[in-house]
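J.: Curious how this folds, go ahead:
(3 chains)
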Amino acid sequence: MAHITDTEVFQAFSTYATIVILKMMLMGPLTGYFRVTRKAFANFEDTHMGKTIEEKKRMIRVNEDVERVRRCHQNDLENIIPFVVIGLLYTLTGPDLSTALLHFRLFVGSRFVHTVVYVMALPQPSRGLSWILGMVITFSMAYRILTTVLLL
Amino acid sequence: MAHITDTEVFQAFSTYATIVILKMMLMGPLTGYFRVTRKAFANFEDTHMGKTIEEKKRMIRVNEDVERVRRCHQNDLENIIPFVVIGLLYTLTGPDLSTALLHFRLFVGSRFVHTVVYVMALPQPSRGLSWILGMVITFSMAYRILTTVLLL
Amino acid sequence: MAHITDTEVFQAFSTYATIVILKMMLMGPLTGYFRVTRKAFANFEDTHMGKTIEEKKRMIRVNEDVERVRRCHQNDLENIIPFVVIGLLYTLTGPDLSTALLHFRLFVGSRFVHTVVYVMALPQPSRGLSWILGMVITFSMAYRILTTVLLL
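T.: Sure, this is the predicted structure:
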């Protein structure tokens, strides 16, 4: 086991993958925060804040702030999980530490920017650019995997 | 390869990760079951049960039972995949078998409870607590990764 | 590290996992393409094509073509990520190269068929069968993992 975890590239991957997955997981509690403060729930059993049945039923509704956080969370699932999978396989191709760190840092940075821009609804093209940067980095790692270990 | 798969912690991780991923995958057929029994589809080509065009069109609708299973499936994606990624990296830091088993068993158990509670719409806080338990376990493994291999 | 990446099964897994993850990632730009051509957006800051506030507001709408691509993307998340996780653990159990290649090729092929059938709305049961084939392959790999390394 020492063979893998002793390499610095693997340690760097573990660090950045863990950080960006934790960032993604925090979208769950953030959704919960907006659901409670906006009183907009999806399940009837979550509306215990309401005092009457009528009030509870009115809390089953769609709120734009909640939906925005959920779209951001969904975009994380669509981009961060591919990064983690491709990043692990990339790490196992034995890249230079400096090159690998450049990929990992730029990706994780781009996703933190993406989240802030999305949740605060900052003007475009900031969200688009941070999304594309993350995609390009993952494609770059995928290119190295396919040119190193291709076996069809 | 023997170096990794020969450790008992890795075998335990493989076992629990496979079980909890299989549980997540079964939400797909469960959604299909509710779509057919509730006659509530998302795609027009799925409404072959309908005899006339009018009847088929009425089957393109949103049903609360279907949506409940889909929300449960989505919650699985948001929590089980982070567990698998963090769990793999955690396994490679070489934890004690008993500590690792405690993490894996509690997480997988919490997600089975979460699914039953969600799909059967049991009263809160049962769903909230099972969700939080899963989050805390993943955070605990992430903490060990970051304190063991941190390389920024 | 050579121990893992030097095996041909691992190289085959890296290749097919990368290809199918790239396929999944391309659903993001495809969604963007349909959003722009159908003028159907989810965020107000994305409607810079509109000249007046009224026109921009009308672009915040749900379009069936966009939703179809999003459902296909969601189905990818629900099926391709389990394949990658189960496939990695399966690869580490040391299967025959020919058996492993059969699994990887059929899965990746089934998902390409699934995407074409879904986006073009081809008649059932083509989409159902391609989805089930992918599920069966992942279950087959999960069966090998559990019968090889089971440690509860």
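J.: Which residues of chain A lie near chain B?
T.: Contact residues (C-beta under 8 Å from any C-beta of the partner chain) of chain A with chain B: A:1-5, A:8, A:10-12, A:14-19, A:21-22, A:24-25, A:27-29, A:42-46, A:48, A:73, A:77, A:81, A:84. From N, CA and C alone the C-beta is placed, and that goes for glycine too.
J.: do that again at 7 Å, thanks
T.: Within chain A, the positions lying close to chain B (C-beta under 7 Å from any C-beta of the partner chain) are A:1, A:3-5, A:8, A:11-12, A:14-15, A:17-18, A:21-22, A:24-25, A:28, A:42, A:45-46, A:48, A:73, A:77, A:81, A:84.
J.: Buried subset of those as a PyMOL selection?
T.: Burial among these is assessed by 16 or more other C-beta atoms under 10 Å in any protein chain shown; the matching PyMOL selection reads:
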select buried, chain A and resi 1+4+5+11+12+14+15+17+18+21+22+24+25+28+42+45+46+73+77+81+84
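J.: Filter the residues of chain A next to chain B down to the ones in strands?
T.: Per DSSP state E, strands hold no members of these.
J.: where does the nearest residue to residue A:58 once chain neighbours are set aside fall, phi/psi-wise?
T.: Among residues not flanking residue A:58 along the chain, residue A:50 sits closest, at 7.5 Å (C-beta to C-beta, 6 or more residues apart in numbering or on different chains). Backbone torsions for residue A:50, taken as degrees, to the nearest 10, come to phi -70, psi 140.
J.: tally of neighbours for residue A:50?
T.: 17 (other C-beta atoms under 10 Å in any protein chain shown).
J.: Over to residue A:150?
T.: Residue A:150 has 13 nearby residues by other C-beta under 10 Å.
J.: so how far is residue C:14 from it?
T.: 9 Å (C-beta to C-beta, to the nearest Å).
J.: In chain A, which residue sits closest to chain B?
T.: residue A:11 (4.1 Å; C-beta to the nearest C-beta).
J.: Against chain C, how distant is that residue?
T.: Residue A:11 is 13 Å from chain C, where distance means C-beta to the nearest C-beta, to the nearest Å.
J.: Just the pLDDT for that residue.
T.: What the model reports as pLDDT for residue A:11 is 94.
J.: what's the answer for residue A:140, then?
T.: Reading off the model, residue A:140 has pLDDT 97.
J.: residues contacting the residue nearest the centre of chain A?
T.: Nearest residue to the geometric centre of chain A (C-alpha atoms, centre = their mean): residue A:76, 3.1 Å. For residue A:76, the contact set (C-beta atoms under 7 Å, 6 or more residues apart in numbering or on different chains) comprises A:24, A:27.
J.: mind checking how far it is from residue A:134?
T.: For residue A:76, the distance to residue A:134 - C-beta to C-beta - is 10 Å.
J.: next one: phi and psi at the residue of chain A positioned farthest from its centre?
T.: Seen from the C-alpha centroid of chain A, the residue lying at the greatest distance (C-alpha atoms, centre = their mean) is residue A:52, 37.9 Å away. Dihedral pair for residue A:52: phi -110, psi 160, per degrees, to the nearest 10.
J.: low pLDDT regions in chain A?
T.: A:1-5 (pLDDT under 70).
J.: what does it put close to chain C?
T.: A:3-4, A:7, A:71, A:77-78, A:81-82, A:85-86, A:89, A:92-94, A:121, A:123-124, A:135, A:138, A:142, A:145-146, A:149-152.
J.: Please check those residues and keep the buried ones.
T.: Using 16+ other C-beta under 10 Å, the buried ones in the residues of chain A next to chain C are A:4, A:7, A:77-78, A:81-82, A:85-86, A:89, A:92-93, A:135, A:138, A:142, A:145-146, A:149.
J.: Many thanks, have a good one.
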